[in-house]
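Peer 1: got a structure for you, letters missing:
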Ligand code: URA
């Protein structure tokens, strides 16, 4: 077998055989296939796609490239959530301890932000002392003691995906349904969760801009999970505007803690509870009541224990950016657009995100929203506050927001988007 014949087969619109897929994933993981050859194949897959059987084999080969975790010794059933990524998506933070408070175990292996979407680990690292890197034994210990753990995936889990994802990120081949579905599901299946709820984002701030593409991605991932014995369902959720009122690391942790304290923005609470219900039902605990666990403080109790168990101080002051800039409304009216992508890029440019994998992020940077689409606006009222330690970035952030915030005349009819658009599985 050789890489060139595999690349040619996909370049010419053919389907890859099981043997070709197994060989190329294994050879690439071992460093025998060069990055430029894998980039060419990724582009051929991006352009010509893969059928469901090819995607299934590609996923299985990526799982087989590394170790599989095993939670069968835990006394609780495991369930997990994965979001395809968005702006202001801090849902994992309240969700994991909430589901643990309802009786399931949540092994949440999370990632860092890249580009305009935030990453769960970057958010949690704004809590003084908190550690993302845990050994497998430490992770199992926190899971057994607290019921939820949020940490970085170890290097041994789907190493083929680690290499391939980094390559796709710099070769314009991220937005491909076969490559996204196999990337996400190989990690989740290797992680060993019993059930999985996928939050597939749709809209300007998501990989999938339209609902039909998101449906196709969701049903591909649900099929992969089910074939591997993982009960999998997907919610398609709105990402045309940011979730909640914050985009940025410490800003989002603060908002997540508000939700755990029984408050917080309505859309964040609604999505947290909807995903918790799906996770608990998939885990065989349909009678658990996540809304009550938020109201009675048990979810907050689990959050505090989870943060402490990973070295963090749940009572510590969170970092605040050195400089703020308030954007005021210039006219009266109704806010019709607060674009997720524009806000995500603004937060990124202010220092909340990174352009390269090893860039540092600013804990306090980001965008705070003072209004949501549908709100009545009075000229002069604050719409957004930009936060950064590097005030020379304000101009770039304002440029990103240009055209992303629209106020229409007050008599304009505004149709709000539901938070949950569809369910698959
Ligand atoms: N998240 C992943 O883990 N992989 C992708 O390809 C896209 C989002």
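Peer 2: Happy to help now that I have it. Since the model is a prediction, treat every value here as computed from it, not as a measurement.

Peer 1: For residue 80, list the residues it contacts.
Peer 2: Going by C-beta atoms under 8 Å, 6 or more residues apart in numbering, residue 80 touches 106, 107, 108, 109, 188, 191, 193, 195, 196, 197, 279. Every C-beta, even on glycine, is put in place using the N, C-alpha and C of the backbone.

Peer 1: will you turn these into CSV that also has secondary structure?
Peer 2: Shown next, in CSV, are these (DSSP: H, G, I helix; E, B strand; the rest coil):
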residue, secondary structure
106, strand
107, strand
108, strand
109, strand
188, helix
191, helix
193, coil
195, strand
196, strand
197, strand
279, helix
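
Peer 1: Would you list the buried entries among those?
Peer 2: The neighbour-count test (16 or more other C-beta atoms under 10 Å) marks 106, 107, 108, 109, 188, 191, 193, 195, 196, 197, 279 as buried among the contacts of residue 80.

Peer 1: what's around the residue of the chain found nearest the ligand, how many residues?
Peer 2: Using C-beta to the nearest ligand atom, residue 183 is the residue of the chain that sits closest to the ligand, at 3.4 Å. By other C-beta atoms under 10 Å, the residues close to residue 183 number 22.

Peer 1: Next: residue 355.
Peer 2: Per other C-beta under 10 Å, the neighbour tally for residue 355 reads 9.

Peer 1: and it, helix, strand or coil?
Peer 2: Secondary structure assignment for residue 355 (three-state DSSP): coil.

Peer 1: quick one: it from residue 419, how far?
Peer 2: The gap separating residue 355 from residue 419 is 30 Å, by C-beta to C-beta, to the nearest Å.

Peer 1: quick one: average confidence on stretch 297-310?
Peer 2: In this model, stretch 297-310 has a mean pLDDT of 98.

Peer 1: Only the buried residues of that stretch, if you could.
Peer 2: The neighbour-count check on stretch 297-310 (16+ other C-beta under 10 Å) flags 298-310 as buried.

Peer 1: which residues are contacting that stretch?
Peer 2: 93-94, 96-98, 100-101, 124, 127, 130-132, 134, 141-142, 145-151, 257, 260-262, 290, 293, 313-314.

Peer 1: Same question for stretch 375-384.
Peer 2: Stretch 375-384 is contacted from outside by 326-335, 343, 367-371, 401, 405, 407, 410, using C-beta under 8 Å, 6+ apart.

Peer 1: Likewise for stretch 92-99?
Peer 2: 79, 81, 83, 106, 108, 110, 120, 123-124, 146-150, 252-253, 256, 259-260, 264, 268, 272, 275-276, 279-280, 290, 293-294, 299-300, 302-303, 305-306.

Peer 1: one more time with 6 Å, if that's ok
Peer 2: The contact list for stretch 92-99 (C-beta atoms under 6 Å, 6 or more residues apart in numbering) reads 106, 108, 120, 148, 150, 256, 259-260, 272, 275-276, 279, 290, 293, 299, 302-303, 306.

Peer 1: now do stretch 21-30
Peer 2: 1, 6, 33, 38, 57, 58, 61, 62, 65, 159, 160.

Peer 1: Using pLDDT, spot the least trustworthy of those.
Peer 2: residue 1 (91).

Peer 1: now that residue, nearest residue through space, not along the chain?
Peer 2: Leaving out its chain neighbours, the residue that sits closest to residue 1 by C-beta to C-beta, 6 or more residues apart in numbering is residue 23, at 4.4 Å.

Peer 1: what's the offset of stretch 317-337 from the middle of its chain?
Peer 2: For stretch 317-337, the distance from its own C-alpha centre to the chain's C-alpha centre is 24 Å (C-alpha atoms, centre = their mean, to the nearest Å).
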